[in-house]
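Colleague: Provide a 3D model corresponding to the input given below.
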Amino acid sequence: LYEFVIASDGGTREDRAFRMSFSEPGPDGNQDMQVRYARGPANRAGSDGTGLGAGRTGQVFSLSNGGSAWFGLARDPFWGDAVALFAFNHALAEGQYRPDLFSGTPGNLLAGRNVTAIALQVPDDAFGGTDVAVWARISLYGHAPQRQVSRAALPLLRSFFFPQPGPATEALNAASPASDVASYGGTVQQAALHIAQLSQSAGPGERAGIVAAAFLPDQLRYRPGQPAQFAPGTGNGRGLHDDAFGATVSLMAGRPLGVTASPHPVVPEFPHLAAPSQDDLPALADMLGLREGLARPSPGGPGNTAR
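Modeller: Numbers count the residues shown, from 1 in each chain. Model (predicted):
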């Protein structure tokens, strides 16, 4: 079960959710997707909700609330110099601050890569407020008691503060934003303080507090009807061509760092995602060694693009 979750009062307790569930793939690999909308306490668990519409892989279909939906394979809309970030984090672990690692020609490890994506276009009033908080979550359900296995809102939260998959990331993925500050505030603030001290920032303690407040709770703030502009903790949603990588690295460093322009074309038609790449590239999970020792079931249907 894939969900886009909304706290219409901008808090950490959801009161509505868009729910996407999928049929088994057919011989051609395509699936059907059902979109439902749940409100009130019932949206916090289960798979029920008001049916809005259904469609097939790669096809835009209408929703009964006046919106549209799509799911399928697309070119990854995210970009960033992951190699420089890896080296930067490695230097931090060794007590070195190396902003120069981002000064060369920026790379993009995600160039030519694809993702399976879900896109919804919905009326502003579906958010239920004028200053809301949103996040995505994934749950296993149907063959055993429902269990949340992933959630995300802000890109690079895990890359900076939970870089190694393990018990900490499993607990983070299974939790709610309501517990983020209490559970992970110390971890995030300590890492931010380490960077501020290494970079000789003025007032490192205050700087660390600013970073922690921007990253936690792990939610994306959004004011419906206003232009999207990504900035952790202070922005408005996240546009497909916002430099989320550069904005996040700059926040951590306390200065502009790793900033680049979008390498992707503007696609004016919904779902606003570029056609999938035909490049034959090795899987990132294999390149980064993320499959080693990890064996977990994956839910049917597309994955989300949030990082």
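Colleague: Look up how far Arg223 lies from the nearest residue to Tyr222 once chain neighbours are set aside.
Modeller: Closest residue to Tyr222 apart from its sequence neighbours, by C-beta to C-beta, 6 or more residues apart in numbering: Gly237 at 4.3 Å. Placement of C-beta: from N, CA and C, glycine included. Using C-beta to C-beta, to the nearest Å, Gly237 is found at 8 Å from Arg223.
Colleague: Which residues are in contact with Pro167?
Modeller: For Pro167, no contacting residues are found, by C-beta atoms under 8 Å, 6 or more residues apart in numbering.
Colleague: In a strand, Phe71, correct?
Modeller: Yes: counting by DSSP: H, G, I helix; E, B strand; the rest coil, Phe71 is found in a strand.
Colleague: still on that earlier bit, any common contacting residues for Gly237 and Arg223?
Modeller: Common neighbours of Gly237 and Arg223, using C-beta under 8 Å, 6+ apart, do not exist here.
Colleague: Show me what counts as buried in stretch 54-71.
Modeller: Gly55, Thr57, Leu63, Asn65, Gly67, Ser68, Ala69, Trp70, Phe71 (16 or more other C-beta atoms under 10 Å).
Colleague: cool, stretch 120-134 as well?
Modeller: Going by neighbour count (16+ other C-beta under 10 Å), the buried part of stretch 120-134 is Leu120, Val122, Ala126, Phe127, Gly129, Val132, Ala133, Val134.
Colleague: Please name the nearest non-neighbouring residue to the fourth one.
Modeller: Distances taken as C-beta to C-beta, 6+ apart place Pro224 nearest to Phe127, at 4.9 Å, with adjacent residues excluded.
Colleague: Could you report the distance from the one you found to Val266?
Modeller: Following C-beta to C-beta, the distance that separates Pro224 from Val266 is 22 Å.
Colleague: Among the two, which residue is more densely surrounded?
Modeller: Pro224 (17 against 9; other C-beta atoms under 10 Å).
Colleague: Could you tell me which residues make contact with Asp32?
Modeller: Contacts of Asp32 by C-beta under 8 Å, 6+ apart are Phe22, Ser23, Ala54, Gly55, Arg56.
Colleague: Just send the residues you listed back as JSON lines, with pLDDT, secondary structure and distance to Ala253 too.
Modeller: Below are the contacts of Asp32 laid out as JSON lines (pLDDT from 0 to 100; DSSP: H, G, I helix; E, B strand; the rest coil; distance: C-beta to C-beta, whole Å):
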{"residue": "Phe22", "pLDDT": "95", "secondary structure": "strand", "distance to Ala253": "40"}
{"residue": "Ser23", "pLDDT": "95", "secondary structure": "coil", "distance to Ala253": "46"}
{"residue": "Ala54", "pLDDT": "98", "secondary structure": "strand", "distance to Ala253": "45"}
{"residue": "Gly55", "pLDDT": "97", "secondary structure": "strand", "distance to Ala253": "43"}
{"residue": "Arg56", "pLDDT": "97", "secondary structure": "strand", "distance to Ala253": "45"}
